[in-house]
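Asker: Predicted model, plus sequence, below.
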Amino acid sequence: MSDYRLLVAQEVIVFLDSLKKVERLRLMRRFEEIAAFPGNYADYEERDPTGRRIDVNVFGKFAIAFWDDFADRDLKIISVKIADR
C-alpha cells in the first residue's frame, strides 16, 4: 500500500456520477492502484498550462490524467475523459 493520499478533482466526481455503477467502481479501483504505484500507470505525459508534467493512464475507454505530487505525497486525479481511439 502506498503512503500517497488520493485526491480527486470535483469535475471527476461529477463525471463519475454520470457513469454506470460498474464503470464507476472500476475507475475508483484504478485510482487506488495508481496511487499505490504512480510510475507503473503513466502511459504518456502531457503538460498543463504552467508546464507541470501530467501523466495519463489509458484504462479501457477512459483516459485518466493524474499528477504525482511527490513533495506532498498526494496523487491528484485531475481529469477523466473518453480516450481517443
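Answerer: In hand now; what should we look at? Since the structure is predicted, the reported quantities are computational estimates derived from the model, not experimental observations.
Asker: Let's verify residue 71: helix, strand, or coil?
Answerer: Of the three states, residue 71 takes coil according to DSSP: H, G, I helix; E, B strand; the rest coil.
Asker: so where's the chain uncertain?
Answerer: 1-2, 85 (pLDDT under 70).
Asker: let's see 80
Answerer: 1-3, 85 (pLDDT under 80).
Asker: Helices of that one, residue ranges please.
Answerer: For the chain, applying DSSP state H gives helices covering 10-17, 21-36.
Asker: So for residue 70, which of the ones you listed sits nearest?
Answerer: Ranking those by proximity to residue 70 (C-beta to C-beta) places helix 21-36 first, at 12.5 Å. C-beta: built from backbone N, CA, C; applies to glycine.
Asker: Taking helix 10-17 as reference, get the angle to that closest one.
Answerer: Orientation check (axes from the mean of the first three to the mean of the last three C-alpha atoms, to 10 degrees): helix 21-36 against helix 10-17 gives 140 degrees.
Asker: Buried residues in helix 21-36, which are they?
Answerer: Neighbour counts using 16 or more other C-beta atoms under 10 Å place 27, 30, 31, 34, 35 of helix 21-36 among the buried residues.
Asker: cool, stretch 35-53 as well?
Answerer: Applying 16+ other C-beta under 10 Å to stretch 35-53 flags 35, 38, 41 as buried.
Asker: and which of those residues is nearest residue 65?
Answerer: For those, the nearest to residue 65 is residue 41 (11.2 Å; C-beta to C-beta).
Asker: So the closest one sits against residue 31, correct?
Answerer: No - taking C-beta atoms under 8 Å as the definition, residue 41 is not a contact partner of residue 31, at 9.9 Å.
Asker: Overlap of the contact sets of those two?
Answerer: Counting by C-beta atoms under 8 Å, 6 or more residues apart in numbering, the shared contacts of residue 41 and residue 31 are residue 64.
Asker: rewinding a little: can you add distance to residue 52 and give the buried residues of helix 21-36 back as CSV?
Answerer: Formatted as CSV, the buried residues of helix 21-36 follow (distance: C-beta to C-beta, whole Å):
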residue, distance to residue 52
27, 23
30, 22
31, 19
34, 17
35, 18
